[in-house]
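# I'd like to go over a predicted model; first the sequence, then the structure.
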Amino acid sequence: MFSIHASSTETGGQVLITTVSVGLHSLAMLCCGAVFMRPARLVGIIGTAVCVLSLGWSVAMIWAGWSEWEPVQVLLSGITFTVAFSFVSLLLASTTHRDTLIQRLLWCALVLVGIGALLTLSLIWDLWWESEAFGRFYGIILILAVLAGVLAPLLSALRRRTAPEPTRETPVTGPADHGPSHGATLSPEVAAALEEEAGVRGLTVDQLVAPLLKGPR
């Protein structure tokens with residue numbers, strides 16, 4: 001009777017841990033999916049694949065009852081990559097308005113996240129001797145990564161809010177000396193595409209199309 005109760009308790013614990021693991025990995029997949037419709041979609045695709053692999057390995061460990069350290073190292077490595085890709089995907093998705101300053105800050109954040117992930121993997125696989133200096137350097141890298149990851153989207157949102165609203169429709173008329181002119185306007189699809197491209201580059205629509213109008217004809 002005691003063995004049956006212990007077995008049911010162990011199974012209930014496994015079900016609970018599996019549910020938590022599935023929920024957390026699903027949340028990470030949603031973060032990676034935030035860039036599926038953006039130019040950085042490859043980051044989200046790779047991140048989603050990493051999340052699926054990490055979830056499968058964690059479920060296998062929960063129900064197989066592995067107690068060796070090597071499978072745990074693989075699991076911790078998968079979790080590290082999952083967190084890194086989720087953070088980067090959210091960072092790329094939320095930083096829409098990018099001027100020179102924001103682009104540099106974004107690249108700094110990405111590099112710091114990469115260094116932080118490598119340092120975490122080195123701790124998991126015992127590639128570095130633990131020391132006070134290493135611990136301080138590791139902590140500084142993580143703090144700077146989080147700080148840059150917060151400042152970049154915040155500045156992007158502020159710059160986008162203060163940027164002038166571009167004109168959706170631009171009338172195009174012919175020269176006055178070529179007979180009656182027929183006015184024309186840009187379609188909503190073209191205007192929306194111009195606005196999106198200008199927002200990514202941190203420019204207005206006028207600044208985006210000005211080099212084209214001034215070029216040789």
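Okay, I see it.
# Okay, the spatially most central residue of the chain and Phe137: tell me how far apart.
For the chain, the residue nearest the mean C-alpha position is Ser89 (1.0 Å; C-alpha atoms, centre = their mean). Going from Ser89 to Phe137 by C-beta to C-beta, to the nearest Å gives 26 Å. C-beta: built from backbone N, CA, C; applies to glycine.
# likewise Pro39?
Going from Pro39 to Phe137 by C-beta to C-beta gives 33 Å.
# More neighbours: these two, which one.
Phe137 (13 against 9; other C-beta atoms under 10 Å).
# For the closest residue to the more buried one other than its chain neighbours, give me phi and psi.
Nearest residue to Phe137 in three dimensions, chain neighbours excluded: Leu119, at 7.9 Å (C-beta to C-beta, 6 or more residues apart in numbering). Here the main-chain torsion angles of Leu119 (degrees, to the nearest 10) amount to phi -70, psi -40.
# Would you mind confirming that Leu119 is in contact with Ala145?
No - the pair Leu119 / Ala145 is not scored as a contact, 10.5 Å apart, by C-beta atoms under 8 Å.
# And the two? Which one has more around it.
Ala145 (23 against 19).
# The more buried one belongs to a strand?
No - using DSSP: H, G, I helix; E, B strand; the rest coil, the assignment for Ala145 is helix, not a strand.
# pLDDT score for it?
At Ala145, the model reports a pLDDT of 94.
# try the one 5 residues further on
At Val150, the model reports a pLDDT of 91.
# before we move on, what SS does it have?
Under three-state DSSP, Val150 comes out as helix.
# Give me the below-cutoff pLDDT ranges for this protein.
Along the chain, the parts satisfying pLDDT under 70 run over 1-8, 128-130, 163-184, 200-202, 211, 214-217.
# can we see that at 50?
Low-confidence segments of the chain, defined by pLDDT under 50: 1-5, 167-183, 217.
# Show me the strands in it, by range?
Remark: strands of the chain are absent; assignment by DSSP state E.
# Would you check that the residue nearest to the centre of the chain makes contact with Leu30?
No - the pair Ser89 and Leu30 does not pass the contact test of C-beta under 8 Å, sitting 9.4 Å apart.
# Trp57: how many residues sit nearby?
18.
# Now do the same contact list for it.
Applying C-beta atoms under 8 Å, 6 or more residues apart in numbering, we find Trp57 in contact with 71, 74-75, 78.
# ok, of those residues, which come out buried?
74-75, 78 (16 or more other C-beta atoms under 10 Å).
# now these as a markdown table including distance to Leu186?
Output for the buried ones among the contacts of Trp57, formatted as a markdown table (distance: C-beta to C-beta, whole Å):
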| residue | distance to Leu186 |
| --- | --- |
| Val74 | 53 |
| Leu75 | 53 |
| Gly78 | 48 |
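# Could you tell me which of these belong to helices?
The helices, defined by DSSP state H, take in 74-75, 78 from the buried ones among the contacts of Trp57.
# which one of those residues sits closest to Gly13?
Using C-beta to C-beta, Leu75 is the member of those that lies nearest Gly13, at 17.2 Å.
# pretty sure that closest one contacts Ser54?
Yes - in this structure, Leu75 is within contact of Ser54 by C-beta under 8 Å, at 7.3 Å.
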